[in-house]
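S.K.: show me how the following folds:
(one chain, ligands or ions: 1)
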Amino acid sequence: MDLLEAIKVRHTIRTYDGQPIAGQDLETLNKMIAAANAEGNLHLQLVNGQPDALAPFTVHYGKWTNVTNYIACVGQDDASLEQRCGYYGEKIALWAETAGLKTGWVDTRTGSQLPDAFHVADGERFVLCLCIGTSEKVGRPHKVKSVEQLSDVTGQTPEWFARGMEAAQLAPTAGNQQAFTIHFDGTNLSITTADGNLACVDMGIAQYHFELGSGIDHARWAQA
Ligand SMILES: Cc1cc2nc3c(=O)[nH]c(=O)nc-3n(C[C@H](O)[C@H](O)[C@H](O)COP(=O)(O)O)c2cc1C
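M.R.: A predicted model of the protein is given here:
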């Protein structure tokens, strides 16, 4: 399976078999996390093989069972932190799908006390978790907004834009809100979002999907 196929078959998995990530998968995952941290100025950390790993959190919604592994999305706290978590986290989530692993983003609220399982340095903020592991479960497709609802374009759009939108349409979003809009006026390409819970994380995820679908470089995005 390649990354474009992974976009089509990926769905949130909330029940896992409780196995830690091991062997070649663990090696690749650690490399991907290190690359994301270097490139995205993040401090993503893998929590692996921890029974009842979501217990220290208040989970926003959904029933999560047997989660033992997750990536704690942490990074330098600035205006782009949530978007960077989404972009680089989804890069890992789609690779995971190609490797036969399952994933699920989860809005994990913390009280005043953060779990000991990962570290948040001064100036950093913990945003959310990306659960990862093996599971027999198969996710189900969900309702998605139309390309017209998710984009704002002027005139005819090129073929690469259509392919990018198809991939962005399938991006997971918090509560399936799909609050993002991708703008293209024939020259400038940008993405914005309406307000929403973790909507900037969603925006980063959609951006990564769009890049994979369209084949454009990350540098092609203009600031909205
Ligand atoms: C940023 C983000 C936060 C999410 N938070 C939760 C959550 O707290 N609980 C949950 O059950 N699902 C959560 N989800 C999963 C979404 O509900 C799911 O991605 C969406 O409904 C689309 O379904 P699919 O991923 O199965 O395609 C989250 C997804 C994203 C992208």
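
S.K.: quick one: least confident helix or strand in the chain?
M.R.: strand 108-109 (a mean of 90; mean pLDDT, DSSP states H and E).

S.K.: for the next helix or strand after that strand, list every residue counted as buried.
M.R.: Tracing the chain C-terminally past strand 108-109 and defining elements by DSSP states H and E, one meets strand 124-133 next. Judged by neighbour count (16 or more other C-beta atoms under 10 Å), strand 124-133 contains these buried residues: 126, 127, 128, 129, 130, 131, 132, 133. The way it works is simple: take the backbone N, C-alpha and C, and place the C-beta from them, glycine included.

S.K.: strands along this protein, start to end?
M.R.: Applying DSSP state E to the chain gives strands spanning 45-47, 58-59, 70-76, 102-106, 108-109, 124-133, 151-153, 180-184, 189-193.

S.K.: by mean pLDDT, show me the worst of these.
M.R.: Note on the strands of the chain: lowest mean pLDDT is at strand 108-109, with a mean of 90.

S.K.: residues in contact with it?
M.R.: Applying C-beta atoms under 8 Å, 6 or more residues apart in numbering, the external contacts of strand 108-109 come out as 54, 57, 58, 59, 60, 128, 129.

S.K.: isn't the fifth one right up against residue 197?
M.R.: Yes - the pair residue 60 and residue 197 qualifies as a contact (C-beta atoms under 8 Å) at a distance of 7.4 Å.
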